[in-house]
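Chemist: okay, structure incoming, though there's no sequence with it:
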């Protein structure tokens, strides 16, 4: 997965592939964005299948966090971009397999046009490692 480091005021909306790390007292604050439903080779996973795409998004998030010395448990805020708001229940079902059920902060946003017309979901995550 291609990652591009952006400076704070360069963050585009909707998001695409990048991650950003910022040092904070006592650890590292990571802003991770664009863990899109594509595998490591850039192939779309689960065209038309919100569950398969959500699973890939979390696998990509997991890999990015592990690369930075953390895990999914380090996420403190998650913003979810869904093409179809009705997909939230399916998204939440898969999310619960990756994150504890009492996940502290998540924001849901319906986005008419994500970066790629075949993506059903994108996320931004903030993690403290």
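Modeler: Received it, and whenever you're ready, just let me know what you need. No experiment lies behind these values; they were computed from the predicted model shown.

Chemist: all the helices of the protein, residue numbers only.
Modeler: 50-67, 88-98 (DSSP state H).

Chemist: buried residues, the longest one. List them.
Modeler: For helix 50-67, a neighbour-count test (16 or more other CB atoms under 10 Å) marks 50, 52-61, 64-65 as buried. For every residue, glycine as well, the C-beta is placed using N, CA and C.

Chemist: for the residue nearest to residue 111 when sequence neighbours are not counted, give me its contacts.
Modeler: Nearest-residue entry for residue 111: residue 81, 4.5 Å, with adjacent residues in sequence omitted and distances by CB to CB, 6 or more residues apart in numbering. By CB atoms under 8 Å, 6 or more residues apart in numbering, the contact set of residue 81 is 14, 15, 109, 110, 111, 114, 121, 122, 123, 124.

Chemist: now, among those, which is nearest to residue 46?
Modeler: Distance to residue 46 across these (CB to CB) is lowest for residue 121, with 9.9 Å.

Chemist: what sits against the most centrally placed residue in the chain?
Modeler: By CA atoms, centre = their mean, the chain has its centre lying nearest to residue 123, at 3.2 Å. Counting by CB under 8 Å, 6+ apart, residue 123 touches 33, 35, 57, 61, 78, 79, 80, 81.

Chemist: so what's it bridging to?
Modeler: For residue 123, the beta-bridge partners are residue 80 (DSSP bridges).

Chemist: how about the strands of the chain, start to end?
Modeler: 18-24, 27-33, 75-82, 106-110, 121-128 (DSSP state E).

Chemist: if you compare these, which one is most tucked away?
Modeler: Of all the strands of the chain, strand 121-128 carries the top mean neighbour count, a mean of 22, counting by mean count of other CB atoms under 10 Å.

Chemist: what angle do it and strand 27-33 make?
Modeler: 170 degrees (axes from the mean of the first three to the mean of the last three CA atoms, to 10 degrees).
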